[in-house]
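Engineer: could you work out the structure for the sequence below:
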Amino acid sequence: MNYYREYIALTGGSSVGNYMHLQKTIGVLKALAEKDGLTYSEDVEKLAYTVEDVQRRMEKNKQRF
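Structural biologist: Numbers count the residues shown, from 1 in each chain. Predicted structure coming up:
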C-alpha cells in the first residue's frame, strides 16, 4: 500500500529568532525523521529557521483565488 503523508509543524517564532521555538522545531523535525524515516533536503537546524517555504506556498495559494 502506497500512501502520502504531509506534516505541518507550527513553529511559532522559530523563524524570527525565538530560541525556545527554534529548539522545539528542531526536535519536531528530528522526531519525524526518526519515527517515520523522513529525510530532509537540508539540515534540520536550517529548515527550522527558514520561512521561505511557507511564504512560497502562501503566494501560490493567493494566486489560485
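
Engineer: could you pull out the helices for the chain?
Structural biologist: Shown for the chain, the helices assigned by DSSP state H span residues 19-36, 44-49, 52-64.

Engineer: for the spatially most central residue of the chain, give me its contacts.
Structural biologist: The centroid of the chain falls nearest to A9 when counting by Cα atoms, centre = their mean (5.5 Å). By Cβ atoms under 8 Å, 6 or more residues apart in numbering, the contact list for A9 reads 25, 28-29, 32. Quick note: C-beta positions are derived from backbone N, CA and C, even for glycine.

Engineer: ok, now I26?
Structural biologist: By Cβ under 8 Å, 6+ apart, the contact list for I26 reads 44-45, 48.

Engineer: report how many residues lie close to the closest residue to it other than its chain neighbours.
Structural biologist: Nearest-residue entry for I26: A48, 4.8 Å, with adjacent residues in sequence omitted and distances by Cβ to Cβ, 6 or more residues apart in numbering. A48: 22 surrounding residues under other Cβ atoms under 10 Å.

Engineer: correct me, but A48 touches G13?
Structural biologist: No. In terms of Cβ atoms under 8 Å, A48 does not count as a neighbour of G13; the distance is 11.2 Å.

Engineer: now do the buried residues in stretch 37-54.
Structural biologist: Neighbour counts over stretch 37-54 (16 or more other Cβ atoms under 10 Å) mark 44, 47-49 as buried.

Engineer: which outside residues touch it?
Structural biologist: Applying Cβ under 8 Å, 6+ apart, the contact partners of stretch 37-54 are 11, 14-15, 22, 25-26, 29-30, 32-33.

Engineer: report how many residues lie close to T11.
Structural biologist: T11: 22 surrounding residues under other Cβ under 10 Å.

Engineer: so who does it touch?
Structural biologist: Counting by Cβ under 8 Å, 6+ apart, the residues that T11 touches are 21, 24-25, 48.

Engineer: distance check, it against Y3.
Structural biologist: Relative to Y3, T11 is positioned 25 Å away (Cβ to Cβ, to the nearest Å).
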